[in-house]
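> fold the following for me, if possible:
(one chain, ligands or ions: 2)
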Amino acid sequence: MPPSLTTLTDEALLALDALTGRATNLVNPSIRLGVTGLSRAGKTVFISSLVHNLLNGGRLPLFEAGRSGRVSKIQLEPQPDDAVPRFQYEDHIRALVADRLWPDSTRAISQLRITLDYESASGWGRLFSPGKLAIDIVDYPGEWLLDLPLLAQDFRTFSANTVALAQSGIRAELAREWLALSNTVDPAATAQEATARSLAEAFTAYLKACKSDERSLSTLPPGRFLMPGDLEGSPALTFAPLPNLRDGRQERGSLHAMMERRYEAYKSHVVRPFFREHFARLDRQIVLIDALQAINRGAEAVHDLERALGDVLDCFRAGQNSFLSSFVTRRIDRIVIAATKADHLHHESHPRLEAVTRRLVERAIERIGMSGAGIEVMALASVRATREATVKHDGEDLPVIVGVPMAGEKINGEVFDGERKTAIFPGDLPANPDSLFEALESHSEGLLNFVRFRPPHIEETGGGLKLSVPHIRLDRALQYLIGDRLA
Ligand SMILES: Nc1nc2c(ncn2[C@@H]2O[C@H](COP(=O)(O)OP(=O)(O)OP(=O)(O)O)[C@@H](O)[C@H]2O)c(=O)[nH]1
Ligand SMILES: [Mg+2]
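Residues are numbered from 1 along each chain as shown. Ligands and ions are numbered 1, 2, ... in the order given. The predicted structure follows:
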């Protein structure tokens, strides 16, 4: 056979492969991008900035298809799921760009579809018509993510885990009232609605105290207790874990039986549908982590963040959790793990932030069997609120960041008004990330100079056109997440 013919056959086979690949995705290829993260990790800001940069020709040099001019049109389109509200992209961007305000905590689920018309990079690809790729992105309250691990726990396990955690470290103090109240009730006694309600209230108050800014703890399920969404005030949330459960079957009509029934109802009517609809069909996933907030609160917050992330990531272990594997119809083949808000540090510190982030998820990643291929760890800022500078201090050059701290933020007793710019030496992360986990005493409070900055002032071009939102490494994340689908 002449060599050219074998070549042709191989290429034809490859093309056929590509064709069948496209056929399975039918007429409209799409990617469901999971933006995963605990509350306040930066999901809403990430989605808003990503979409804004795509729609407005933002600076995305590492996004190859965009840079090389192969993407001809990018637009928002009606989302595929009619039952889910639309992500209010325009409102978020207006607040961010015009008013320089961050979005509020997300209270409900929403979705957005963005489509990219592109030309394939390869000659063969181009033969088969220009491509169109739809990207579906879902936003939701981060608290709800913590419900995922509950699906594998029955009421007894949930109670034992929650009570044990509540008795440890700084939690013991925060849980005092709830635990004291719990110890006055007998799980085998006849169920009383008033008892259930007061237990649920005391338990919720404990979760709120853990979440407060001063504590910044992360492992706080059930998620709807902190962010009820449309379940505000609903009886579905009138339960709490119980200490002192006896072995064996619980009495009918007992407090134990009632709490268990409500817990199971919460799982089947609230948690399961959310994950079935949202997590089942993800193709790619970015996990956003606010490591800086935890680092700044000390080793206990860092440990707690590690635990929460581990609990969540464990649920992605293929084949091991039957409840989840029965949901998963597509395989997630790429995950970006990103430390967000990297604009709080000088870029010289970014490698250390990445090292801490890798350390935070390392064990979980090993457990889910995804170490190595398919995972990229990076530090990014969806919206860059600071710029870098150098100041001379005692004859030394100090790398600083410059930005406008939000009104009410404090450094060394100084309170900011939300208008004044300031230069801050953010401090150094340790070279060895382990020290953030181990040194329980030596590193307690305020390792970094950490304040929240207002969103940046965005320059206008000569024609009065606003430039796109500045960021750090958003393009690298984008390239890793969808670049191959535009090849
Ligand atoms: N400087 C800076 N701050 C950020 C960035 N991204 C998020 N933030 C800050 O983090 C806060 C939380 O960001 P969101 O995007 O609302 O977080 P979320 O994950 O949607 O939070 P929930 O809706 O509560 O789950 C914002 O209000 C900002 O203060 C960033 O790229 N740079
Ligand atoms: Mg949000």
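
> restricting to C-alpha, output stretch 290-303 in PDB.
Taking Å, rounded to 0.1, in the frame of the first residue of the first chain, the C-alpha atoms of stretch 290-303 are listed here in PDB:
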ATOM      1  CA  ASP A 290     -10.500  30.900  50.100                       C
ATOM      2  CA  ALA A 291      -7.300  29.700  51.800                       C
ATOM      3  CA  LEU A 292      -6.300  33.200  52.900                       C
ATOM      4  CA  GLN A 293      -9.200  33.800  55.100                       C
ATOM      5  CA  ALA A 294      -8.600  30.500  57.000                       C
ATOM      6  CA  ILE A 295      -4.800  31.100  57.200                       C
ATOM      7  CA  ASN A 296      -5.500  34.400  58.700                       C
ATOM      8  CA  ARG A 297      -7.700  32.900  61.400                       C
ATOM      9  CA  GLY A 298      -5.200  30.300  62.500                       C
ATOM     10  CA  ALA A 299      -4.400  26.600  62.400                       C
ATOM     11  CA  GLU A 300      -7.800  25.500  63.600                       C
ATOM     12  CA  ALA A 301      -9.600  27.300  60.800                       C
ATOM     13  CA  VAL A 302      -7.100  25.800  58.300                       C
ATOM     14  CA  HIS A 303      -7.700  22.300  59.600                       C
END
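
> how about residues contacting it?
Outside stretch 290-303, the residues that touch it by Cβ atoms under 8 Å, 6 or more residues apart in numbering are 37-38, 40-42, 169-170, 214-218, 304-305, 339-341, 344-345, 353, 356-357, 360, 429, 436-440, 443-448, 450. All C-beta spots, glycine's among them, are computed from the backbone N, C-alpha and C.

> just the ones of those in strands?
Among the contacts of stretch 290-303, DSSP state E puts 37, 339 in strands.

> sitting in helices, which of the contacts of stretch 290-303 do you find?
Mapping these onto helices (DSSP state H) picks out 304, 305, 353, 356, 357, 360, 436, 437, 438.

> pull out the buried members of those.
304, 305, 353, 356, 357, 360, 436 (16 or more other Cβ atoms under 10 Å).

> can I get the buried part of the contacts of stretch 290-303 as one ChimeraX selection?
Restricted to buried positions by 16+ other Cβ under 10 Å, the ChimeraX selection for the contacts of stretch 290-303 reads:
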select :37,38,40,41,42,170,215,216,217,218,304,305,339,340,341,344,345,353,356,357,360,429,436,443,447,448,450
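
> ranges for the strands of the stretch 151-300 of the chain?
Taking DSSP state E, counting those that start in this stretch, the strands of the stretch 151-300 of the chain run over residues 284-289.

> residue of it nearest ligand 1, please.
Nearest residue of the stretch 151-300 of the chain to ligand 1 (Cβ to the nearest ligand atom) works out as residue 288 at 6.5 Å.

> just list whatever residues bridge to that residue.
The partner list for residue 288 in beta bridges (DSSP bridges) reads residue 37, residue 338.

> contacting residues for it?
Residue 288 neighbours (Cβ under 8 Å, 6+ apart): 35, 36, 37, 41, 42, 43, 46, 338, 340.

> ok, the residues you listed vs ligand 2, which is closest?
Nearest to ligand 2 out of the contacts of residue 288 is residue 43 (Cβ to the ion; 4.9 Å).

> tally of neighbours for that closest one?
Residue 43: 26 surrounding residues under other Cβ atoms under 10 Å.

> so it makes contact with residue 137?
No: using Cβ atoms under 8 Å, residue 43 makes no contact with residue 137, being 9.5 Å away.

> between the two, which contacts overlap?
Both residue 43 and residue 137 are in contact with residue 35, where contact means Cβ under 8 Å, 6+ apart.

> spatially nearest residue to the closest residue to ligand 2 within the stretch 101-250 of the chain (excluding sequence neighbours)?
Ligand 2 sits closest to residue 106 of the stretch 101-250 of the chain, with a gap of 3.1 Å, by Cβ to the ion. Distance criterion Cβ to Cβ, 6 or more residues apart in numbering; nearest residue to residue 106, sequence neighbours excluded, is residue 141 at 4.7 Å.

> mind listing what the one you found touches?
Contact analysis of residue 141 by Cβ under 8 Å, 6+ apart lists 39, 105, 106, 107, 108, 223, 227, 229.

> now residue 387: how far from residue 376?
To residue 376, residue 387 is 26 Å away according to Cβ to Cβ, to the nearest Å.

> also residue 437?
Using Cβ to Cβ, residue 437 is found at 23 Å from residue 376.

> what does residue 73 give?
The separation that residue 73 has from residue 376, given Cβ to Cβ, amounts to 28 Å.

> these two: who's more crowded?
A count of neighbours by other Cβ under 10 Å puts residue 376 above the other of residue 73 and residue 376, at 15 against 10.

> which residues sit in contact with the more buried one?
Counting by Cβ under 8 Å, 6+ apart, residue 376 touches 334, 335, 336, 337, 477, 480.

> so the fourth one sits against residue 357, correct?
Yes: judged on Cβ under 8 Å, residue 337 makes contact with residue 357 at a distance of 6.3 Å.

> got any residues that touch both of these two?
What both residue 337 and residue 357 touch, as defined by Cβ under 8 Å, 6+ apart, is the set 289, 377.

> the helices in the stretch 251-400 of the chain, which residues?
255-265, 272-278, 291-297, 299-314, 322-325, 350-367 (DSSP state H, counting those that start in this stretch).

> what angle do the fourth one and helix 350-367 make?
Pointing back at helix 299-314 there. Interaxial angle, helix 299-314 versus helix 350-367 (axes from the mean of the first three to the mean of the last three Cα atoms, to 10 degrees): 50 degrees.

> much appreciated, bye for now.
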